[in-house]
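1. Model the structure of this input:
(4 chains)
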Protein chains: 4
Amino acid sequence: MLVVMKKNATDEQVIAVVRAIEKLGYKAHPLPGTMRTAIGITGNRDAVDATHFETLPGVAETVRVSKPYKLITLDLKTEKTVVRVGDAAIGGDELAIIAGPCAVESREQTLTIAAAVRKSGARFFRGGAFKPRTSPYAFQGLGESGLQILAEVRETFGLMIVTEAMDETGVDLVERYGDILQIGARNMQNFTLLRRAGRSALPVLLKRGLSATLEEWLLAAEYVMAEGNYNVILCERGVRTFAQHTRNTLDLAAIPEVRRLSHLPVVVDPSHGTGRKHMVTPLARASVAAGADGLIIEVHDQPEHALCDGVQALRLEQYEELVHQVHAIHEALAPRSVSS
Amino acid sequence: MLVVMKKNATDEQVIAVVRAIEKLGYKAHPLPGTMRTAIGITGNRDAVDATHFETLPGVAETVRVSKPYKLITLDLKTEKTVVRVGDAAIGGDELAIIAGPCAVESREQTLTIAAAVRKSGARFFRGGAFKPRTSPYAFQGLGESGLQILAEVRETFGLMIVTEAMDETGVDLVERYGDILQIGARNMQNFTLLRRAGRSALPVLLKRGLSATLEEWLLAAEYVMAEGNYNVILCERGVRTFAQHTRNTLDLAAIPEVRRLSHLPVVVDPSHGTGRKHMVTPLARASVAAGADGLIIEVHDQPEHALCDGVQALRLEQYEELVHQVHAIHEALAPRSVSS
Amino acid sequence: MLVVMKKNATDEQVIAVVRAIEKLGYKAHPLPGTMRTAIGITGNRDAVDATHFETLPGVAETVRVSKPYKLITLDLKTEKTVVRVGDAAIGGDELAIIAGPCAVESREQTLTIAAAVRKSGARFFRGGAFKPRTSPYAFQGLGESGLQILAEVRETFGLMIVTEAMDETGVDLVERYGDILQIGARNMQNFTLLRRAGRSALPVLLKRGLSATLEEWLLAAEYVMAEGNYNVILCERGVRTFAQHTRNTLDLAAIPEVRRLSHLPVVVDPSHGTGRKHMVTPLARASVAAGADGLIIEVHDQPEHALCDGVQALRLEQYEELVHQVHAIHEALAPRSVSS
Amino acid sequence: MLVVMKKNATDEQVIAVVRAIEKLGYKAHPLPGTMRTAIGITGNRDAVDATHFETLPGVAETVRVSKPYKLITLDLKTEKTVVRVGDAAIGGDELAIIAGPCAVESREQTLTIAAAVRKSGARFFRGGAFKPRTSPYAFQGLGESGLQILAEVRETFGLMIVTEAMDETGVDLVERYGDILQIGARNMQNFTLLRRAGRSALPVLLKRGLSATLEEWLLAAEYVMAEGNYNVILCERGVRTFAQHTRNTLDLAAIPEVRRLSHLPVVVDPSHGTGRKHMVTPLARASVAAGADGLIIEVHDQPEHALCDGVQALRLEQYEELVHQVHAIHEALAPRSVSS
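-> You can find the predicted model right below:
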């Protein structure tokens, strides 16, 4: 169930409805929009009785939700969510570019790349301190000392830090050093981690699982939001198919489908989504043309010496060219709705 | 093996090499480029002895081919092939738009749609007279009378006709009425049909099979070219995956990979590639941004009454808006190489 | 629509109903069962009017068909179809074993393998004279001279010949030399070929396409049956997935699902279904345990010199051991229904 | 690197090698076999210098490992690992049957089903107290009180308890109440959880991820073993494909491939692997025929009222019939190697 407030409902009226919901033992999720506020209700086992709310001051109507989603849905909030981090944003008019190395390898490597990322005009820096690796014998990341290097990047360059946590302890650390908490594809259905992310003050960038359906992905976002964290950014990063010319198959049809169902912003990772350098720029262009709110790009000053995923990382000059091209597309579509 | 001619080799020298190849019982495939002509050799069971050609006048070098491809490959021809049909072309600087209904249903429906397609500036008209249908009890197309309607479209509107044949008899008919012969996804490995297409004077639009690897698709093109027809247009139309929000998963990474390996032009069919109306325009934009040479779009004046695939056909005004948007992207990328 | 005859309906009554159906311009498909005969109706564009048949002598009832299937379905025929070829059968109590080389390579090779197949107790011999090959430059089969060798196998060893045709001309030839006409996976939706097979007097072994859903596969069988050929044997041969340890992923769940929907017999090809020698015997055992009516096994006297698919062909002694093991399983399940 | 001891090497000699390995800062993994003990080495960043060990008493040879695996591999241990739990075992001559409800719902339900499982001769009971659910709004399991009910099942019926943990806290609890720790498909690459399981005294049943390659699955087992827990049981439970007639596609080719590479036992879950009741028994038979060491079967006294996955749970009498059939197959194959 969701409770839709009147356009002119006061903050006090919204609070009164929230309290009425909580009094019944449920959780209230007020999501303000430009036209009206709606309040989602979770935590109920059985159907919620609408008569508790219908006559409260400021309530326009109550809506029964028949879909599996309660919070990610356009029924609750009709405008796209803009996730703000400092003075930067994801989901607004500007194209968000998140760039950096796969893994933080050293202070020097990280600062070199960060300088180029800053110069390109990007507002977000990515880099892993905790790396989920298929083999226990592969490089697993620098851990907390990697996060400290990332914090230095923020202070030096003013870039917002996007970095992954693989478990609850990792979230504690990312909260100390980072700006956006990344949940990786392999952990998209690590429900304990999702719930912990839902109790974080940081926005969450939620990668789609390797073989996740759209419904599973959106319900993973729902896990985060049900705990009270509404700043979720979805990230398409390719799915696993029979195809062998590309590491994963980037599913750009996910973008219009997310738009059809949800108010959450969606970004694309063409680096993991293809896994091959010569495909990254064409697919970055395609992602923006399809209506993505942003891109995550792997860039490295020396891809041939990268400790992780060097085969897909762009050189600095390739990255600059990519930024140039995607902005040209973003501008070409600007006067009209890019999400059709 | 391929024989590379010198830049200034004469036509007579090329012909002499072709004759030398044929004298050994092989088939010669001379493909002229702007810089030089190279001649592919097929039909050999064992390795070809290079000494037969190396000393012929005009020969620059002979190259042993270790890849599975002999004719689709950039080794043979470094410039992209431009397929010319009348004064229209696919693979050149202009974006090729092929639009029309899934099936030719009636003269009136077809001419109405054709008028709108012409008005949009497209040069190619699509429409099926022979429809491969999953069920034997579904509408199978109008057959030859459908082709006659398509011929009328060409005469009335000057649109080039792209239409499918499902067997050798069908190719005979398409040769009589059409301009480009389409091989459908289900027939991508119908080798008898591919060979027949290879003996046709019409260019061939070869759709990728539902679960075809890139290698299988390119080797299907190789079947056509090995018979002597070098005007092949590849068409990505989505592959089958676990995803359920889209009918097929459009694999745009195929575009840069085709570019990396082949001189053949590649177009995209976002209508079949998504199967859902609200995805067609975003994915059309993405295809062009990824570097496609053209698009195939299903458009219908009354999608709700279409005899075939109405759920994915755009209305006329939606189609016009699509054309507007994809041209904006094509122009934004024009000064620079769209294929990165 | 289908017309169910009374248990004691006479042949004349069945013929009268068939004529009444044909008089309306439809096609009648009488399928006799042990308990009763039912008659399927195809060729209608709109719903068939039941009142034409309900009062005819011998008619028990008419049944409207809401599923996409009219002829493969248990609604039409409740007992499993047993396809008889000479004194051998597929679909009965005995496990049918179809064995032989991928391709007929020479008379000597073929007769050597045939002797071993005969000795093992198998009743069917497989071997391709027309080979669908991914590359136009690979060995394409011996053609008619290969079929002549197969005919010699039948005469010498009394084995029934199962062999593939890739086009209508090929069907003409297989009808002259073979006993069961195989339609390969790549041609599962070559509808022209399916219709031609439907007009053949030979039983048809219809392989499942690489990415065919069960519905598409059963509707391909429906194409054959709609032309009047009811002797269709389904063959599961693995589907294409992301898995790389096996060439295809054998989908044994198809067996109980075919049983749930259809009266047609189903056999399994673990050789193509796995593509790797060490998997063939375990998966052959699994197929029989899951309820398959038979197996198609590639066997070669010298797999390391095979012109086609040697990597998956069993040696003669491995094949004999396989036959031993699958019979042990078939017997263990004999007293009870193997299809659960 | 692995160090192979001589057949007659003493325990003291093995311990001396272990100490020499640890002295270099590496981790030693001695795995005794019937013929000889071999010792795997992990924790090295660079290649290990063999000269440290080659001259130690009792050492037969050192072997450099070029595969990605160090511990799951037949190179380290040639005999199949038998995981013993009390007087029951998985991986030995007996077929292991693990049966029970998807979720522990109540004491009464659980004890009713456990009585039937015990009566069938099974030695293991499954049931979830922590349920990974796609939606945050679905039943999530009874938690610790569910584990207490499972402990009562063990005491009452002598069944060994197999139950899932989803995070480190969950492992603590399963260690208190259970016998085998299950890692679910969604958590197959939750590396924090895998490492925690590697430090547990309980055997680990590791389900294959929904789209895990065989290499990823085996490397997940390697994560557990690298921490010192060598009692890992692999569980094939179906992978995600385009197929829609079955919830997942059971990949039985995984069984011979695991056998080819690894000494670990492998069981199959045909309940999740198909998701449809009428497929469970045929695929259970197939799994045993393919060489599985055991089965996990969902059984419920009232599937129509199950809180979780009722559509795939067998009724008690269906389960009994399944046990009867799979034993018939296991016995039929007994005198010969079932893994060929």
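2. mind listing the helices for chain A?
-> A:11-23, A:51-54, A:107-119, A:144-157, A:168-177, A:191-198, A:214-226, A:254-261, A:270-274, A:277-290, A:316-333 (DSSP state H).
3. Looking at those, spot the one closest to chain C.
-> helix A:270-274 (15.2 Å; C-beta to the nearest C-beta). Bear in mind the C-beta positions are built from the backbone N, C-alpha and C, glycine included.
4. centre of the chain versus the closest one, how much separation?
-> From the chain centre to the centre of helix A:270-274 is a distance of 16 Å (C-alpha atoms, centre = their mean, to the nearest Å).
5. likewise stretch A:61-79?
-> Using C-alpha atoms, centre = their mean, the offset of stretch A:61-79 from its chain centre is 20 Å.
6. can you list the helices of chain A in a markdown table and add mean pLDDT, mean neighbour count and distance to residue B:177?
-> What follows is the helices of chain A, written out as a markdown table (pLDDT from 0 to 100; neighbours: other C-beta atoms under 10 Å in any protein chain shown; distance: least, C-beta to C-beta, whole Å):
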| stretch | mean pLDDT | mean neighbour count | distance to residue B:177 |
| --- | --- | --- | --- |
| helix A:11-23 | 96 | 16 | 67 |
| helix A:51-54 | 91 | 14 | 65 |
| helix A:107-119 | 97 | 19 | 56 |
| helix A:144-157 | 98 | 18 | 63 |
| helix A:168-177 | 98 | 17 | 64 |
| helix A:191-198 | 98 | 23 | 58 |
| helix A:214-226 | 98 | 24 | 42 |
| helix A:254-261 | 98 | 23 | 36 |
| helix A:270-274 | 97 | 28 | 41 |
| helix A:277-290 | 98 | 28 | 35 |
| helix A:316-333 | 97 | 19 | 38 |
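7. so which of those helices comes closest to residue B:48?
-> helix A:277-290 (31.2 Å; C-beta to C-beta).
8. The closest residue to residue A:105 other than its chain neighbours: what's it in contact with?
-> Distance criterion C-beta to C-beta, 6 or more residues apart in numbering or on different chains; nearest residue to residue A:105, sequence neighbours excluded, is residue A:307 at 5.2 Å. Neighbouring residues of residue A:307 by C-beta atoms under 8 Å, 6 or more residues apart in numbering or on different chains: A:102, A:103, A:105, A:139.
9. I'd like to know how far residue A:307 sits from residue A:163.
-> 16 Å (C-beta to C-beta, to the nearest Å).
10. try residue A:306
-> 17 Å.
11. More neighbours: those two, which one.
-> residue A:163 (27 against 20; other C-beta atoms under 10 Å in any protein chain shown).
12. Please name the bridge partners of the more buried one.
-> residue A:181 (DSSP bridges).
13. what's the pLDDT at the nearest residue to residue A:68 once chain neighbours are set aside?
-> Spatial nearest neighbour of residue A:68, chain neighbours left out: residue D:135 (5.7 Å); criterion: C-beta to C-beta, 6+ apart. The score at residue D:135 is 94. That number is its pLDDT.
14. returning to that earlier point: now render the helices of chain A as CSV, adding distance to residue C:74.
-> Shown next, in CSV, are these (distance: least, C-beta to C-beta, whole Å):
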stretch, distance to residue C:74
helix A:11-23, 52
helix A:51-54, 50
helix A:107-119, 63
helix A:144-157, 62
helix A:168-177, 53
helix A:191-198, 42
helix A:214-226, 33
helix A:254-261, 37
helix A:270-274, 45
helix A:277-290, 45
helix A:316-333, 54
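15. Tell me how far the residue nearest to residue A:105 lies from chain D.
-> Taking C-beta to the nearest C-beta, to the nearest Å as the measure, residue A:307 falls 12 Å from chain D.
16. what's near enough to touch residue A:106?
-> Residue A:106 neighbours (C-beta under 8 Å, 6+ apart): residue A:149.
17. Give me the phi and psi for residue A:35.
-> phi -100, psi -40 (degrees, to the nearest 10).
18. same thing with residue A:167?
-> Per degrees, to the nearest 10, the backbone of residue A:167 is at phi -160, psi 180.
19. any idea which residue of chain A is furthest from its center?
-> Distance to the chain centre peaks in chain A at residue A:55, reaching 37.1 Å (criterion: C-alpha atoms, centre = their mean).
20. Relative to residue A:12, how far out is that residue?
-> 16 Å.
21. before we move on, the earlier item: and the residue nearest to residue A:68, what is it in contact with?
-> Residue D:135 neighbours (C-beta under 8 Å, 6+ apart): A:68, A:219, A:222.
22. can I assume the second one is in contact with residue D:136?
-> Put plainly, it is residue A:219. Yes. With contact defined as C-beta atoms under 8 Å, residue A:219 reaches residue D:136; the gap is 7.1 Å.
23. so residue A:257 makes contact with residue B:247?
-> No. Checked against C-beta under 8 Å, the pair residue A:257 and residue B:247 is beyond contact range at 11.9 Å.
24. Per-residue pLDDT of residue A:228, please?
-> 97.
25. That one - how many residues pack around it?
-> 14.
26. what does residue A:334 give?
-> So residue A:334, with other C-beta under 10 Å, has 12 neighbours.
27. Okay, residue A:143 and chain B: tell me how far apart.
-> 33 Å.
28. who's in contact with that residue?
-> A:129, A:130.
29. try residue A:121
-> A:97, A:323.
30. Could you check the pLDDT of it?
-> 96.
31. Distance of it relative to residue A:99?
-> Counting by C-beta to C-beta - residue A:121 and residue A:99 are separated by 10 Å.
32. For residue A:160, see how far away the closest residue to residue A:148 other than its chain neighbours is.
-> With sequence-adjacent residues excluded and distances taken as C-beta to C-beta, 6+ apart, residue A:148 is closest to residue A:177, at 6.6 Å. From residue A:177 across to residue A:160, the span is 12 Å (C-beta to C-beta).
33. and what of residue A:150?
-> Taken as C-beta to C-beta, the span from residue A:150 to residue A:160 is 10 Å.
34. Can you pull the residues that touch both of those two?
-> The contact lists of residue A:150 and residue A:160 share residue A:125, where a contact means C-beta under 8 Å, 6+ apart.
35. If we go by neighbour counts, what in stretch A:52-71 is buried?
-> Neighbour counts over stretch A:52-71 (16 or more other C-beta atoms under 10 Å in any protein chain shown) mark A:52, A:53, A:58, A:59, A:62, A:65, A:69, A:70, A:71 as buried.
36. quick one, what contacts the second one?
-> If a contact means C-beta under 8 Å, 6+ apart, then residue A:53 has A:3, A:17, A:20, A:21, A:59, A:62 as its contacts.
37. change it to 7 Å
-> A:3, A:17, A:20, A:59, A:62 (C-beta atoms under 7 Å, 6 or more residues apart in numbering or on different chains).
38. Nearest residue to it in space, please, no chain neighbours.
-> Residue A:53 sits nearest to residue A:3 (C-beta to C-beta, 6+ apart), 5.0 Å away.
39. Mind telling me which residue of the stretch 101-250 of chain A is nearest chain D?
-> residue A:211 (3.6 Å).
40. and that residue, what does it touch?
-> With C-beta under 7 Å, 6+ apart, residue A:211 has these contacts: A:239, A:240, B:242, D:210, D:211, D:240.
41. What of residue A:315?
-> residue A:303.
42. try it again with 8 Å
-> Residue A:315 touches A:299, A:300, A:301, A:303, counting by C-beta under 8 Å, 6+ apart.
43. What parts of chain A come near chain D?
-> Proximity of chain A to chain D is confined to A:42, A:68, A:70, A:132-137, A:166-168, A:186-187, A:189-192, A:210-211, A:215-216, A:219, A:222-223, A:226, A:240 under the rule C-beta under 8 Å from any C-beta of the partner chain.
44. Great, nothing more from me.
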